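1. Take a look and give me a structure for this.
(chains A and B)
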Amino acid sequence: MKKGNGFISEEYLDAMKYLWGKNKDISFDYKKYTEKYRNLSGLKGMEFFYDVIAERKLKTDKPVIGYFCNSVPEEIIMAAGAVPLRLCNQDIHCAEAGEEIIPGDICPVIKAICSGLQNDIKPDILVIPATCDGKVKLAEILSSAFDNIYFIDIPRNSDYTENIDLWEATYLKFYEYLKEKFKVKISRKELLNACKITNERTSIFRKIYKLRAEKTGIINAFDYFTITSASFLIPASDWTKHTEILYNQLLNREIKTNYRKNLLLAGSPIIFPNFKLLEITEEAGCYIAADILCSSYGHLFDPVKIDEETEKGIIRTLTLKYIAPSICPCFLGIDKLINAVIENVEKYGLDGVIYYNLRLCNVFELEIPVIRSVLKDKGIPFLALKTDFSREDTGQLKTRIEAFMEMLE
Amino acid sequence: MIKAGIDIGSVTTKCVIVNDGIISGKAITKTSVNTEMVADNVLQKAIKEAGIKEEEIQEVISTGYGRRQFKKANRFITEISAVAKGGYILNEKKRCLIVDVGGQDTKVVEVGDKGEVVDFLMNDKCAAGTGRFLEIMADVLETDMDGFSSLAMSSKNPVKINSTCSVFAESEVISLITSSTPREDIAAGLFNSIASRIATMIRQFRHTDRIFFCGGGAKIPALKSYLEKTISQDIIVLPEPQFVVAYGAAITE
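-> Purely as a prediction, here's the structure:
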């Protein structure tokens, strides 16, 4: 995007730069915060992931490309010799601080992003896709304050039979931009290698996902969502390596479980440290056996299925990886989410579905009546919960989740 | 078998003692910061009314917002399950929808043929559409709940109140008062706005042919009347509506 359209006042820009500069002081003490979940874990293989979250330092000599959402092709970034770093932020302190420049009634994720990055590393380029309206505006505002903001203008219809060409065009443009920016030639080999790396990540993720769904209590929700949150912050190959180690430990794990019901979690993303809902579900004896969230399942589940190994062919299949399974409510295609939910519930014999609706992300809320109605027809119990990062409604949420569990029994 | 059900709500705490399922004593008091003490007081009152000794109670089951705070409770269940159990027995064990308007929560619970909870909805975390909202509005109109209800019933021309948020509604009401809108029309407008909120929750359910009403809100004639008007359907107030949840807890197997 062009920098500095000249319409934002210096005062506003200064406020924004100030916020971005001081993020380390306002965010959670992650080290302290991870301890409580680390202590509950009892899995040796989890140490690495809790360390990643606690330290929040990406160790790399390569350029870093920060991005939001699940619609930015990591493989292209990797092929260009850079490291993708997903910066979606669910830190309540950041969200509160962000209100300095973003109005209170805006989605807390947008506010949190605005108060800076949770990392010590400042990305060389920040890629913002047109997923929700908030991100679009954010791209505009941020590009006035900072260099190197890249906007991916993906269309809203995620039906690939209708829209793959338009979607692909935005990725090709991004591809050309990176080549130009880093003055690199990206070869077919590099693209294929990047796809291989994310496919390996997908492969181990699917194993963990399946194991979790089939064996009640094999991994608690804190550990699981810590692993998926860590996948935002480290190179894919590192994540794969350590998840494989963990998976092998899980295979030999003896389970003693107090879980009463196996549920599926759908809806808004859950990223560390926003674990309030998980604390309540765990306490109520509810095992999150599967999830259809953009921060975990959406981020890690789908492979690139290469059939034509030309440069164009690879970009095309990459596009398919991101467009075809998109479960984000900002896009046209609620059937994808609903099908995924029903398929998982039936495949793993789950007892019900909890839908997490992040307050002020209205498209999630908009979907609730539709999902409720479809699941009712299928006889699948459904509970929708609207909440944000704050703790004030813990009591009310507990009542709802406990009542839901009683209902299932 | 003698059992006690204690419903620790946000505004009042209720206790019902049952002897083989029949109510032998009940009591109600305002909830205060010391939940434990309030719960114990109300239990003692109910014991007195039942004419029994505390040792005779075989099980104490607590429910409501403060359910975990009462140490004498042998176990706890949520108010959703409790209201379903109570309402099911009180309505001759038939499938129904129960609307419970409490101080802090409004809930709609669908109860199945066997008394099971089929589905439920609760209001959002704020007090919009709850008893607390009505209390605040009665206060703004400088009357008590009875007066508030009578005012609303006498209105011929309810005004449209747009806010259901207690804070915004208060300022809306004040501006209506200063523009000389009759108090009864304001009162009616307020009941209409809360009734339409509850009606929206009711419409999410599929079986709405038998609707029962309980909780403190069910004691307010205007709320029942405006709710019936909004959904164009009769609703039946359960006997002793404030005690339905405590009763449901007491008869929990």
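2. Can you get me a residue count around residue 212?
-> Going with chain A. 24 (other Cβ atoms under 10 Å in any protein chain shown). All C-beta spots, glycine's among them, are computed from the backbone N, C-alpha and C.
3. Correction: the question concerned chain B.
-> The tally of other residues near B:F212 (other Cβ under 10 Å) stands at 25.
4. ok, it - contacts?
-> B:87, B:90-91, B:96-99, B:235-238 (Cβ atoms under 8 Å, 6 or more residues apart in numbering or on different chains).
5. ok, now how distant is it from B:C96?
-> 6 Å (Cβ to Cβ, to the nearest Å).
6. what touches both of the two?
-> Counting by Cβ under 8 Å, 6+ apart, the common neighbours of B:F212 and B:C96 are B:G87.
7. rewinding a little: of the contacts of B:F212, grab the buried ones for PyMOL.
-> Per 16 or more other Cβ atoms under 10 Å in any protein chain shown, the buried members of the contacts of B:F212 correspond to this PyMOL selection:
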select buried, chain B and resi 87+90+91+96+97+98+99+235+237+238
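8. So, low pLDDT: which residues of chain A?
-> Applying pLDDT under 70 to chain A flags residues A:1-7, A:20-28, A:115-121.
9. which parts of it sit against chain B?
-> Applying Cβ under 8 Å from any Cβ of the partner chain, we find that chain A lies next to chain B at A:369, A:372, A:376, A:381-382, A:386-387, A:392-393, A:395-396, A:399-400, A:402-403, A:406-407.
10. Please name the residues that touch whichever residue of the stretch 151-300 of chain A sits closest to chain B.
-> Nearest residue of the stretch 151-300 of chain A to chain B: A:A284, at 10.0 Å (Cβ to the nearest Cβ). For A:A284, the contacting residues are A:260, A:398, A:401-402, A:405, by Cβ under 8 Å, 6+ apart.
11. and if we set it to 7 Å?
-> A:401-402, A:405 (Cβ atoms under 7 Å, 6 or more residues apart in numbering or on different chains).
12. Alpha carbons only: can I get stretch A:282-293 in PDB?
-> The C-alpha coordinates for stretch A:282-293 follow below in PDB (Å, rounded to 0.1, in the frame of the first residue of the first chain):
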ATOM      1  CA  GLU A 282     -11.900 -27.900  31.800                       C
ATOM      2  CA  GLU A 283     -13.300 -27.200  35.300                       C
ATOM      3  CA  ALA A 284     -16.800 -28.300  34.300                       C
ATOM      4  CA  GLY A 285     -15.400 -31.700  33.100                       C
ATOM      5  CA  CYS A 286     -15.900 -30.900  29.500                       C
ATOM      6  CA  TYR A 287     -13.300 -32.400  27.100                       C
ATOM      7  CA  ILE A 288     -12.600 -30.300  24.000                       C
ATOM      8  CA  ALA A 289     -12.200 -33.300  21.700                       C
ATOM      9  CA  ALA A 290     -12.300 -31.400  18.400                       C
ATOM     10  CA  ASP A 291     -12.400 -27.800  17.200                       C
ATOM     11  CA  ILE A 292     -13.200 -25.900  14.100                       C
ATOM     12  CA  LEU A 293     -11.400 -22.600  14.700                       C
END
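13. and B:G115, what element?
-> For B:G115, there is no enclosing helix or strand under DSSP states H and E.
14. Can you tell me the element the nearest residue to it once chain neighbours are set aside falls in?
-> Nearest residue to B:G115, sequence neighbours excluded (Cβ to Cβ, 6 or more residues apart in numbering or on different chains): B:Y88, at 3.9 Å. Under the criterion of DSSP H and E, B:Y88 resides in helix B:79-90.
15. which helices and strands does that helix pack with?
-> Applying 3 or more Cβ pairs under 7 Å, 6 or more residues apart in numbering or on different chains; DSSP states H and E, one finds that helix B:79-90 makes contact with helix A:394-408, strand B:96-101, strand B:106-111, strand B:117-122, strand B:211-214, helix B:244-250.
16. Distance of B:K85 relative to A:I334?
-> Relative to A:I334, and taking Cβ to Cβ, B:K85 is found at 36 Å.
17. higher neighbour count, those two?
-> B:K85 (26 against 16).
18. If we ignore the residues flanking it in sequence, what's nearest the more buried one?
-> In space, B:K85 is closest to B:G248, 3.9 Å off (Cβ to Cβ, 6+ apart).
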